[in-house]
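Undergrad: Fold the following.
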Amino acid sequence: MAYKYITDNNLENRQNYMYSKFYGHEFLQEYRNMRSQYIESLQASIDLPAIKDSVSNELMELTVLAISLVNGGEKDSIFVRCDDWQEDLERFKTPDNINLQEIFNIVLRNINKQEFLYSKPVDEFFNSLIKSFEVRKKIYRNYYPPFKPVDDNDYKQLKDYLIFACFMGFFYLITDNLKYLNTLIKLNDTLLSLFNTLALPEEKALLMISLLLEEKAVVDLCTEKKVEL
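TA: Okay, here's the model as predicted:
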């Protein structure tokens, strides 16, 4: 049974997940096998130490935290407590124009700060971004409040999808909130539909991280529910 949610370009061929029929264990096996093949391919082609100098410190920190969680690290142990993020937090409260790259950079700077990550403005921001993505199956570089795209054609920045997917995987593993896993799976479907366009080592590393985070989440959830994969 083919996994049908990946086309040759999900950004241009919008997938409808609502009321999807469950095809049972065969579907889960196909999904798991397909994801595993991509993970193995990426792991074979990426040398994380070699790309360290070509990515930002924030992305490397996200990578380290994600790998720690995937390998069974304790959720509470990854957090630091800090109160110097208040100015960053203000950017989430009343933005006149939402620049996604700017917001993502703020989250990357604060990704291991517990108070920041669990703050109401950050939670509300990502809830709104998730809702916008669910409607359009695209994310845009700039938005007018409340998440109306400034330019309807400005949705092809794949790095934004990659970072958003990593955030969703990270958020799910520290909160167990299924809305993040749901969004992560759809983002990874979109990214895998564009797999052959990912040329930069940084892009492939981010995709590998998001897939590993998804794999851990799904395996743990199936184990908890006593569902065989």
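
Undergrad: Give me the three-state assignment for residue 143.
TA: Judged by DSSP: H, G, I helix; E, B strand; the rest coil, the three-state class of residue 143 is strand.

Undergrad: Isn't it up against residue 101?
TA: No: contact criterion Cβ atoms under 8 Å: residue 143 and residue 101 do not qualify, at 11.7 Å. Yep, even glycine has a C-beta here, placed from its N, CA and C like the rest.

Undergrad: Residue 97 contacts residue 142, correct?
TA: Yes: counting by Cβ under 8 Å, residue 97 does reach residue 142; the two are 6.4 Å apart.

Undergrad: Which neighbours do those two have in common?
TA: Residues touching both residue 97 and residue 142 (Cβ atoms under 8 Å, 6 or more residues apart in numbering): residue 150.

Undergrad: Flag the shaky bits of this protein, pLDDT-wise.
TA: For the chain, residues meeting the criterion pLDDT under 70 lie at 1, 48-55, 82-85, 93-95.

Undergrad: Could you rerun that using 80?
TA: 1-2, 19, 21-22, 46-65, 67-69, 72-87, 89-96, 112, 114-116, 229 (pLDDT under 80).

Undergrad: one step back: with neighbour numbers in mind, choose between residue 97 and residue 142.
TA: residue 142 (14 against 10; other Cβ atoms under 10 Å).

Undergrad: List the contacts of the spatially most central residue of the chain.
TA: With distances taken as Cα atoms, centre = their mean, residue 165 lies nearest the centre of the chain, 1.2 Å away. Residues in contact with residue 165 (Cβ under 8 Å, 6+ apart) are 184, 187, 188, 191, 206, 207, 210.

Undergrad: buried stuff in the longest helix seen in the chain?
TA: Criterion DSSP state H: the longest helix present in the chain is helix 201-225. Residues of helix 201-225 classed as buried by neighbour count (16 or more other Cβ atoms under 10 Å): 201-218.
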